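need a structure here:
(2 chains)
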Amino acid sequence: MIVPSLVLGQRAGVTAPSDKITFGGIGIGSRGAHVLSKLLNVEQARFVAICDVRNARRETIKSTVDQKYGDHGCQMYSDQYELLARQDIDAVLIATGDRWHTPLSIIAAQHGKDVYCEKPCSMSIEESWALGAAFRRYNRLYQAGCQRRNGANFQLCKELLKSGALGKLQALYANVGPSVNWPPLPSRDWLAAEELPPKQVLDWDRWLGPAPWRPYHSSYVTGGWRNFYDFHGGGILEWGSHTVDLCHWAADYDDTQPVEYEPVGTNVGPYQVNCRYANGVKLVMRDNAWDGALKTGSCSFRIEGDKGWVETGDATKIECSDNIRPLLRPTEPASLALENHVKELVRCIRTRQSTSASATAAANSHVTCHAAFIAYQRGKTLTWDTTKHEFTNDEIANRMRSRALREPWRV
Amino acid sequence: MQQPTQPAPAVPAAKPKPPEPPPEFREGAIATMDAAGLLRILSDAKSSEFQKAKACVRLGELGAKEAIPVLAGLLGDEHLSVYARYGLEPMADPSADDALRAALTKQKGVRLIGVINSIGKRRDAKAIPALVKFMHGPDVDIARAAASALGSIGGEASAKELQAALPKTTGMTRAAVADACLVCSERLLAEGKRDQALAFYTALSATDLPKPVRLAAMSAIVREETLSVKPR
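Now for the predicted structure:
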């Protein structure tokens, strides 16, 4: 039996007989399994339960976990409420499709759980604010799956900005990926109806969850849900949730959003959204090819100050202006970021310190992405009031700030 | 210093081509249609479920108030109810509130929950009396939705009803009422009604409430007491 650390008062500083932070998982597919593989290697954590609407995935995760621990302790659920009702679970790993991220995270917070949730973390501006509010309300920890915040090469770039080496911040560049994969405007079409599998194999109603109803097609449930508007925010949200997040983090803009969004380009790419913060700093979301012009790897971002610039990505290397080069130092590979990120959450659950990718940070970076996405859909420059949380020059854009959730779900 | 470089991740290999949507499930011209055309789709018996779904969403984006009665007529449809709410929720015109309130007496089960959720999102204070009845009703899922809507609507009237419901409700309903109380307290704080909010938080610190709620309430009290120079 695993005794929850909360019950034993570990969080109050009392040494507990059981020192493990207990995790459950909801909707663990390929990406979630990657995160889980890092979590299973954290000595202070223990994964005890999996919930998934797909029977095969439940079995796969249970098998992986039980093999790792050498027992049969991982319990399986198809109903998230049953997993969340377990008092012995401290935190949950949420890696469902995007449509579920905010509702599930909020439900988890209401059940007193801390959360690691994959990105994109929300489906709309409204959901983004609801997410931030819920985690403040319940005083729970949230770690968005923005692991690059714990990547050494990314951290060195931030350090160079904060130290003043780059001078006064002028512009941030977020690579929003190759439009050929996921264009900025996802499809609003449906796929042809296929025969529904038995509910015990796949619960389609629960798979859809808060997304609007549509007929079943097997492609959706095997990863093909991306690039459909009801399930996905297109390239801007998909990649912006990676790299706009990095820009906000590096500039300490985790509590704000740009005030202007100018869409440029076409849906077949390349495309760009030029944004501006109230202080005049630019944020450029650019479809800069998967590897970026400087071959800094996927999910690259760039910081430009009035004295120099730096750019890095998943290739670990840092490109920079000549004057910055003497300040560089070797960093650990970017690939270690995920392990660091998961460990940070476990550490924060123990200490109750804030995580680096909090719900507030995720809310602000995601609102930025959603606003850019709406500007792209509207095909015009939009201006945004960061206090009233509304567009000031387009009522249709304001009506696109939220999506109706299929009953009975709400945020 | 030269940075150690790792090979950049390769460009993702070309994936198998995803299935193509069939012609009858393509949005096409609906995406740019005006309100009159969209209304024709909704009133045409030959229109497909797909066409109606897309028309609802588009009408909501356009904010076409003339569509409100037609959208309200779809609130009981198993597949289209969410699309009807997609259309109704962003409408600025108050007749959308009237339509949703009227639906409270027509819809049942999960469709009723959808209507209640939309009313909560629109923060329609005129719906408070009806929502209070649902909150005290026998259906737990509907009661939970009603409590949540009352929390979203906020204000002193909702606060009073939610506080009164705390000792009268049990189990899952009570948890939802408590969550709504927390939301309502935040709204009171935002309106400058600090004393009322703090009293609410104190009530929510009672030991027989779910632990996450108690912790949230106590955290809020600590936050407020340490943020403000004004004594309680």
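
Give me the neighbour count for residue 201.
All of this is about chain A. Other residues near residue A:201 number 12, with proximity taken as other Cβ atoms under 10 Å in any protein chain shown. C-beta coordinates here come from the backbone N, C-alpha and C atoms, glycine included.

um, chain B though
Residue B:201: 24 neighbours (other Cβ under 10 Å).

likewise residue A:269?
Residues lying near residue A:269 (other Cβ under 10 Å) number 18.

OK, contacts around the residue lying closest to it once chain neighbours are set aside?
Among residues not flanking residue A:269 along the chain, residue A:179 sits closest, at 2.7 Å (Cβ to Cβ, 6 or more residues apart in numbering or on different chains). The contact partners of residue A:179, by Cβ atoms under 8 Å, 6 or more residues apart in numbering or on different chains, come to A:235, A:267, A:268, A:269, A:270, A:271, A:287.

neighbour-wise, which of those residues leads?
residue A:235 (28 neighbours).

Please settle this for me: is it part of a helix?
Yes - the assignment for residue A:235 is a helix, going by DSSP: H, G, I helix; E, B strand; the rest coil.

so it touches residue A:184, yeah?
Yes - at 5.1 Å, residue A:235 counts as touching residue A:184 under the criterion of Cβ atoms under 8 Å.

list the residues that contact both of the two?
Common contact partners of residue A:235 and residue A:184 (Cβ under 8 Å, 6+ apart): A:176, A:271, A:287.

can you map out the strands along the stretch 51-200 of chain A?
Assigned by DSSP state E, counting those that start in this stretch, the stretch 51-200 of chain A shows strands spanning A:75-77, A:91-94, A:114-117, A:142-144, A:169-175.

for these, which one sits closest to chain B?
Smallest distance to chain B across those (Cβ to the nearest Cβ): 11.2 Å, for strand A:114-117.

and that closest one, what does it pack onto?
Secondary-structure packing of strand A:114-117 (3 or more Cβ pairs under 8 Å, 6 or more residues apart in numbering or on different chains; DSSP states H and E): strand A:91-94, helix A:98-110, strand A:142-144, helix A:337-351.

next one: that strand to chain centre, how far?
From the chain centre to the centre of strand A:114-117 is a distance of 10 Å (Cα atoms, centre = their mean, to the nearest Å).

and residue A:162, what is it in contact with?
By Cβ under 8 Å, 6+ apart, the neighbours of residue A:162 are residue A:252.

Now the phi/psi pair for the residue nearest to residue A:269, please.
phi -60, psi -20 (degrees, to the nearest 10).

State the distance from it to chain B.
For residue A:179, the distance to chain B equals 13 Å [Cβ to the nearest Cβ, to the nearest Å].

since we're on the nearest residue to residue A:331 once chain neighbours are set aside, how many residues are nearby?
Spatially, and ignoring its direct neighbours in sequence, residue A:331 is nearest to residue A:152 (3.8 Å; Cβ to Cβ, 6+ apart). Using other Cβ under 10 Å, the number of residues around residue A:152 comes to 19.

do the one 4 residues further on as well
Applying other Cβ under 10 Å, we find 18 other residues in the vicinity of residue A:156.

In this structure it contacts residue A:334, no?
No - using Cβ under 8 Å, residue A:156 makes no contact with residue A:334, being 11.0 Å away.

Pull up the overlap in contacts between these two.
Joint contacts of residue A:156 and residue A:334 (Cβ under 8 Å, 6+ apart) are residue A:312.

what about residue A:360, how many neighbours?
Neighbours around residue A:360, by other Cβ under 10 Å: 17.

circling back to that earlier point, will you turn the strands of the stretch 51-200 of chain A into TSV that also has mean neighbour count and mean pLDDT?
As requested, the strands of the stretch 51-200 of chain A are arranged in TSV below (neighbours: other Cβ atoms under 10 Å in any protein chain shown; pLDDT from 0 to 100):
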stretch	mean neighbour count	mean pLDDT
strand A:75-77	17	97
strand A:91-94	26	98
strand A:114-117	27	98
strand A:142-144	30	98
strand A:169-175	23	97
